[in-house]
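**Q** I would like the atomic coordinates for the input below:
(chains A and B)
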There are 2 protein chains.
Amino acid sequence: MTNLQNDLFLRACKRQPVERTPIWIMRQAGRYLPEYMAVRQKADFLTMCKTPELATEVTLQPIDLIGVDAAIIFSDILVIPEAMGMHLEMHEGKGPVFPHPIRNEADAKKIKKIDPTGELKYVMDAVALTKKELNRRVPLIGFSGSPWTLLAYMVEGQGSKNFSKAKHLIYNNPRLAHSLLDKIADAAAAYLSAKMDAGVNAVQIFDTWGGLLSQDDFEEFSLNYIRKIISLVKREDVPVIVFAKGVHFYLDKLAESGADVLGLDWTMNIGDVREKVGDKVALQGNMDPTILYADHEKIRREARKILKSFGHGSGHIFNLGHGILPDVRPENLKALVDFVKEESVRYHKKV
Amino acid sequence: MTNLQNDLFLRACKRQPVERTPIWIMRQAGRYLPEYMAVRQKADFLTMCKTPELATEVTLQPIDLIGVDAAIIFSDILVIPEAMGMHLEMHEGKGPVFPHPIRNEADAKKIKKIDPTGELKYVMDAVALTKKELNRRVPLIGFSGSPWTLLAYMVEGQGSKNFSKAKHLIYNNPRLAHSLLDKIADAAAAYLSAKMDAGVNAVQIFDTWGGLLSQDDFEEFSLNYIRKIISLVKREDVPVIVFAKGVHFYLDKLAESGADVLGLDWTMNIGDVREKVGDKVALQGNMDPTILYADHEKIRREARKILKSFGHGSGHIFNLGHGILPDVRPENLKALVDFVKEESVRYHKKV
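**A** Down below sits the predicted model:
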């Protein structure tokens, strides 16, 4: 199927037979790694995103150091709004900030179509360089925020507990919200397609803030635009993963969105979800990221529980239920990865 | 059943017939009310909690100004840990802080049993005074945090996105965590019982952070202690409401916890939940609090959807799916309350 030395991840995405369960970790190229922090000391976060050599360096770190089965290109979901014309700043301790958020029609008019090989060329260059450096060892994943999650930041201007201003917009000016979501969906699709052209083997759409919406609002303001992206980017050989955190209520609809894989947060029971939708999609997840604070024995016990809950057969990609936390010890992640590789073999033996 | 002029709320808790759906609002005595802010300008938050006259004054405000069907005594869930010996500070903008959080056995040893009519006498005085001022108009609700939610604050020392330190504790020293949870459950039960003695007509247990736990962890570290509290405080004529935010996965177990009412956050479909557990418990909720940012027409449309979703018959207490936000306009809440009172009549007509 591919010329990769290790294509377990891609086969699991397509629910094809595998010898063991593949594993990668959201935010695996991140602050928990001292090697990442060493690079981060030389350059700020956005410079790292925009310098292909640095992005490639940190993207490769967890492959070499931890032994995960897929790489995910180091970047940020907010590079799309930035490319759409919004000035983006990274504030130490506070996170990303758009000093001029979108609040009305006039602000929205300034939002432009993106050229993914123009202002976002640095991402494509990072993908190409990473592919070269990976040298066919493991697949490379590209990603984008969902339109709702991106809109939430673009309207709020920064992270938020309730994203009140974004909710204000969708309830008081739904027409403007929809027109923005549609533009963002087009941009995200163009961006993901360009990444596929540049060589990524799979893509993940992060709907980090989908779980802040009621069921009807999720369908209207998030799911519809996730569907649109998938319909625009879908290719036979590049699986699409959708990870909608906190969206416990519409797994069936997400499973029919065109996605190949559903990412699950740690509040789901992966076995129950498999029973419900496992004939339609593969499942990715879903260990509580804070379990990595525990000792190795506890980590292994919890990992075993998840493997067992999913059960026999392909269609499971092991991951955490959200990004790895910065204060986790790398050896704890290594213990998890080693254990999953070893323990999962039994779930893939022919019976 | 009671000598109250309006006991709709209590009857709905017990799934007895009502003429219309009762409504009250989490955090209804709060910052969205200018009249509350006027009191708040004279005294800081903890002083308000500890001064029965002030607590009574703001508890009554939404009864007089908004017309809700139940009062909830103005207080804070963290008065229990404070009474257990933890120094509590309120930091403007940052919220409550325990400068000396619990991190180990030595810290835990300093935690003492509470005497709810001793150091928490001010709450009982506020309850008694409020009862007098309410003059039988509507029922009065008392509340407590769940042991897990209280432990999370006591260990973390403050609000947190992941409550990493609390997770650290439960995974690395579960014995200590359980011994603390058990003590907190005893304290919460003693506190709620004393409130009942002082005159509250119902109690609500808030498990604000239950949704941060995986399913197994929720059962082990939260649900078990909620069950314990309920078994200790249960009285025939004082309904118990459990509101576990984000706990979408164990509604069936919560419905069998001994609670009379389940509070639902806004990501649930109240009609689906009724179908699942509505023969065991009443349901409270569950409009997205941010809907109150919308115009009155939209607010009414959303309220109608929830009333319709629950459907005909008793056992529904209208509420938001979380606390009212401080930047909501009071007239928007008033519009919601008026509409629910009027529109819900049709769902309680004898057919």
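
**Q** what separates A:Leu254 from A:Asp295, distance-wise?
**A** Distance of A:Leu254 to A:Asp295, computed by CB to CB, to the nearest Å: 35 Å. (Glycine included, C-beta is placed from N, CA and C.)

**Q** Which one's more surrounded, these two?
**A** For A:Leu254 versus A:Asp295, the count of surrounding residues by other CB atoms under 10 Å in any protein chain shown is larger for A:Leu254: 25 against 12.

**Q** Go ahead and confirm that one touches A:Val242.
**A** Yes: applying CB atoms under 8 Å, one finds A:Leu254 in contact with A:Val242, separated by 5.7 Å.

**Q** Could you name every residue contacting both of those two?
**A** A:226, A:262 (CB atoms under 8 Å, 6 or more residues apart in numbering or on different chains).

**Q** Please name the nearest non-neighbouring residue to the residue of the stretch 1-150 of chain A at minimum distance from chain B.
**A** Proximity of the stretch 1-150 of chain A to chain B (CB to the nearest CB) peaks at A:Gly95, 11.0 Å away. Using CB to CB, 6 or more residues apart in numbering or on different chains and skipping the chain neighbours, the partner closest in space to A:Gly95 is A:Gly159 (5.2 Å).

**Q** can you pull the contacts of the one you found?
**A** A:Gly159 neighbours (CB under 8 Å, 6+ apart): A:94-96, A:153.

**Q** measure A:Asn286 to chain B for me?
**A** Using CB to the nearest CB, to the nearest Å, A:Asn286 is found at 9 Å from chain B.

**Q** Please identify the helix or strand for that residue.
**A** Taking DSSP states H and E as the definition, A:Asn286 sits inside strand A:282-287.

**Q** How about A:Pro99?
**A** Going by DSSP H and E, A:Pro99 is not in any helix or strand.

**Q** which parts of chain A sit against chain B?
**A** Taking CB under 8 Å from any CB of the partner chain, the part of chain A that reaches chain B is made up of A:162, A:164, A:167-168, A:171-172, A:211, A:213-217, A:246, A:248-249, A:266-269, A:288-291, A:293-295, A:298, A:305, A:321, A:325, A:327.

**Q** Quick check: ChimeraX command selecting the buried ones in those residues.
**A** A single ChimeraX command selects the buried members of these (16 or more other CB atoms under 10 Å in any protein chain shown):
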select /A:162,164,167,168,171,211,213,214,215,217,246,248,249,266,267,268,269,288,289,290,291,293,294,298,305,321,325
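
**Q** Select from the residues of chain A next to chain B every entry located in helices.
**A** With helices taken from DSSP state H, the overlap with the residues of chain A next to chain B comprises A:164, A:167-168, A:171-172, A:215-217, A:298, A:305.

**Q** For the closest residue to A:Asp260 other than its chain neighbours, list the residues it contacts.
**A** Nearest residue to A:Asp260, sequence neighbours excluded (CB to CB, 6+ apart): A:Pro239, at 4.0 Å. A:Pro239 makes contact with A:10, A:13-14, A:201-203, A:260-261, A:282 under the criterion CB under 8 Å, 6+ apart.

**Q** Please compute how far the helix or strand encompassing A:Thr56 lies from its chain's middle.
**A** Here A:Thr56 sits within helix A:52-65, counting by DSSP H and E. Helix A:52-65 has its C-alpha centroid displaced from the chain centroid by 17 Å (CA atoms, centre = their mean, to the nearest Å).
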